[in-house]
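>>> with the sequence up front, the predicted model follows.
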Amino acid sequence: ESKDVVATSTVVIKVGTSSLVDQTTGNPALSKIAALIEAICEVKKKSNAVLVTSGAVGFGCLALGLKERPRGVQMKQALAAVGQAKLMELYGRMFNSLGESCAQVLLTYENLGNRSQHLNAINTFDALFKLGVVPIVNENDTVAVEELRFGDNDCLSAMVASMLRAKDLIILTDVDGLYTANPQKDPNAKRIAVVEDIDSLNVDVSSKGSSLGTGGMATKLTAGRLATSSGVQMSIVSAADPGIILKVLEGQSVGTLFKARNLKNRKSHKRWIAGLPARQRIFLDDGAARAILKKKSLYAAGITKVEGNFPANVAVTLCDCKGRPLAQGLTNYSSMELNLLKGKQMSAVNDILGYHGSDYVMYRGNIVLLEFDKNEQKELLSLKSSSDVMDTKKNTTPH
């Protein structure tokens with residue numbers, strides 16, 4: 001029977017492999033994991049609580065006596081299958097000892113990048129919350145293909161927080177926040193308590209992940225951009241004492257707080273797009289850049305350069321000719337197709353590709369503008385260019 005009262009806010013907590021494993025002995029850090037579960041149970045008294053956990057591959061290594069993560073994809077996937085069972089067994093016992101239940105939720109980028117699967121996932125989480133169960137999320141390593149992986153669970157946690165419209169994302173890690181420089185190299189490095197605008201940061205994020213993990217500070221900043229652009233505030237705090245989660249929620253100054261951006265009543269569809277990691281870039285001429293800022297669709301004529309390899313129907317960042325990010329959106333064409341189409345009219349698609357594709361590279365309804373300096377925006381809007389791409393096809397069905 002489901003509970004009558006569902007908490008009004010959601011808190012997503014992410015824990016990495018290095019926080020779950022004792023770095024000296026290589027064994028599970030049982031006391032730290034127990035403290036984490038206790039803190040989550042406290043959070044659950046007032047909010048919906050979600051745990052995003054790494055550790056499947058790490059626990060698989062421990063179960064089979066391996067000292068470091070293997071490099072081959074198939075071996076990692078096999079170890080994840082071994083370790084995920086061990087990890088959930090441990091979490092299940094600890095939650096049950098406190099009278100709570102947990103559930104395993106394995107996701108891939110493909111799940112959250114597909115709108116219908118994204119909505120189905122939201123419904124499943126909602127049902128788990130109504131049942132009073134704590135969802136424990138991990139990437140489905142055994143089926144994820146390399147080009148569509150989250151890359152690390154920092155990005156996964158940000159996407160989950162965005163999907164659930166969480167108020168807070170709290171990332172537990174082996175440092176106590178973001179510093180002006182790498183504190184292991186620079187004794188003068190200072191902790192940054194609050195980040196108002198993540199895009200204006202100028203810090204050294206050269207620290208790498210542990211031998212059993214994949215993340216580092218750079219991946220956490222990527223997660224921060226995803227979370228804050230979706231209206232979620234994110235905190236990076238030390239995992240040494242998981243009770244720090246409660247201090248964050250009380251508003252105490254611990255770790256580093258990344259303030260959420262103002263969504264301005266953004267619709268759920270665009271919020272979903274803003275929460276997708278855009279790893280590759282499309283560069284635009286001045287006219288196309290101005291059209292994007294005026295909330296127009298993108299056509300191939302305004303594209304000057306395509307960076308990286310990507311399939312169709314994934315999120316890509318749109319940049320001006322100087323590399324400044326303007327927006328991100330869902331592309332109707334792959335990078336290979338766009339390299340053939342860039343600078344050309346959409347009427348030539350059939351002749352160039354041999355088949356008729358979408359009338360747009362990106363439809364305006366699938367583009368989310370990013371926040372950036374207002375002076376730069378005025379500069380772009382005032383540019384004059386013969387290649388200004390206008391969205392004249394008002395009645396065309398979007399693809």
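Thanks, I have it.
>>> SS state for the residue positioned nearest the centre of the chain?
For the chain, Cys155 is the residue whose C-alpha lies nearest the centre (CA atoms, centre = their mean; 3.1 Å). Here Cys155 is recorded as helix under DSSP: H, G, I helix; E, B strand; the rest coil.
>>> for the one 5 residues further on, same thing?
Each residue gets one of three states, and Val160 gets helix by three-state DSSP.
>>> so, low pLDDT: which residues of the protein?
Residue ranges of the chain with pLDDT under 70: 1-8, 145-152, 202-216, 263-266, 371-399.
>>> what's the single longest helix in it?
helix 73-97 (DSSP state H).
>>> can you list contacts of that one?
Contacts with helix 73-97, where a contact means CB atoms under 8 Å, 6 or more residues apart in numbering, come from 20, 28, 33-34, 37, 41, 51, 53, 55-64, 66, 69-70, 101-102, 104, 106, 134, 136, 138, 141-143, 146. Using the backbone N, CA and C atoms, a C-beta is placed for each residue, glycine as well.
>>> which of the residues you listed are buried?
Among these, the ones that count as buried by 16 or more other CB atoms under 10 Å are 20, 28, 33, 37, 41, 51, 53, 55-62, 66, 69, 102, 106, 134, 136, 138, 141-142.
>>> restricted to strands, list these.
Leu51, Thr53, Cys102, Leu106, Val134, Ile136, Asn138 (DSSP state E).
>>> list the contacts of Val349.
By CB under 8 Å, 6+ apart, Val349 lies in contact with Ala300, Leu341, Tyr355, His356, Gly357.
>>> pretty sure it sits in a strand.
No. Secondary structure of Val349 (three-state DSSP): helix, not part of a strand.
>>> ok, it to Lys45 distance?
The gap separating Val349 from Lys45 is 56 Å, by CB to CB, to the nearest Å.
>>> cool, and Pro242?
Pro242 sits at a distance of 16 Å from Lys45 (criterion: CB to CB).
>>> the two - which one has more neighbours?
Pro242 (24 against 8; other CB atoms under 10 Å).
>>> so that one touches Cys41, yeah?
No. Counting by CB atoms under 8 Å, Pro242 stays clear of Cys41, with 11.2 Å between them.
>>> Ala223 reaches Cys155, doesn't it?
Yes. Ala223 lies in contact with Cys155 (CB under 8 Å); the separation is 5.3 Å.
>>> what's near enough to touch the residue nearest to the centre of the chain?
Contacts of Cys155 (CB under 8 Å, 6+ apart): Thr219, Thr222, Ala223, Leu226, Pro277.
>>> just the closest of those residues to Gln117, please.
The closest of these to Gln117 turns out to be Pro277 (CB to CB; 16.2 Å).
>>> quick check: that closest one touching Val316?
No. If you go by CB under 8 Å, Pro277 and Val316 don't touch, sitting 10.4 Å apart.
>>> between these two, which one's more packed in?
Higher neighbour count among Pro277 and Val316: Val316, with 26 against 22, using other CB under 10 Å.
>>> wait, is that one part of a strand?
Yes. Assigned with three-state DSSP, Val316 falls within a strand.
>>> separation between it and Pro135?
For Val316, the distance to Pro135 - CB to CB - is 29 Å.
>>> then Ser335?
Distance of Ser335 to Pro135, given as CB to CB: 34 Å.
>>> neighbour count: those two, which is higher?
Remark: of Ser335 and Pro135, Pro135 carries more neighbours, 22 against 18, as counted by other CB under 10 Å.
>>> check contacts around the more buried one.
By CB under 8 Å, 6+ apart, the contact list for Pro135 reads Val50, Leu51, Cys102, Ala103, Val105, Phe125, Leu128.
>>> what pairs with Leu172 across the strands?
Leu172 forms beta bridges with Val15, Val237, as assigned by DSSP bridges.
>>> just give me the neighbour total for it.
Number of residues near Leu172 (other CB under 10 Å) recorded here: 25.
>>> thought Ser238 was touching it, still the case?
Yes. With contact defined as CB under 8 Å, Leu172 reaches Ser238; the gap is 7.4 Å.
>>> what segments of the stretch 151-300 of the chain are strands?
Here the stretch 151-300 of the chain has its strands, by DSSP state E, counting those that start in this stretch, at 168-173, 178-179, 191-192, 194-195, 233-238, 256-258, 281-284.
>>> return the most buried member of those.
Most buried of those, by mean neighbour count (mean count of other CB atoms under 10 Å): strand 168-173, with a mean of 27.
>>> report the backbone C-alpha coordinates of it in CSV.
Extracted in CSV, the C-alpha atoms of strand 168-173 (Å, rounded to 0.1, in the frame of the first residue of the first chain):
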residue,chain,number,x,y,z
ASP,A,168,19.4,19.8,-4.5
LEU,A,169,22.1,17.6,-6.0
ILE,A,170,24.8,16.7,-3.5
ILE,A,171,28.0,15.1,-4.8
LEU,A,172,30.1,13.4,-2.2
THR,A,173,33.8,13.2,-3.2
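>>> quick one, that strand and strand 233-238 angle?
When axes from the mean of the first three to the mean of the last three CA atoms, to 10 degrees is applied, the directions of strand 168-173 and strand 233-238 differ by 20 degrees.
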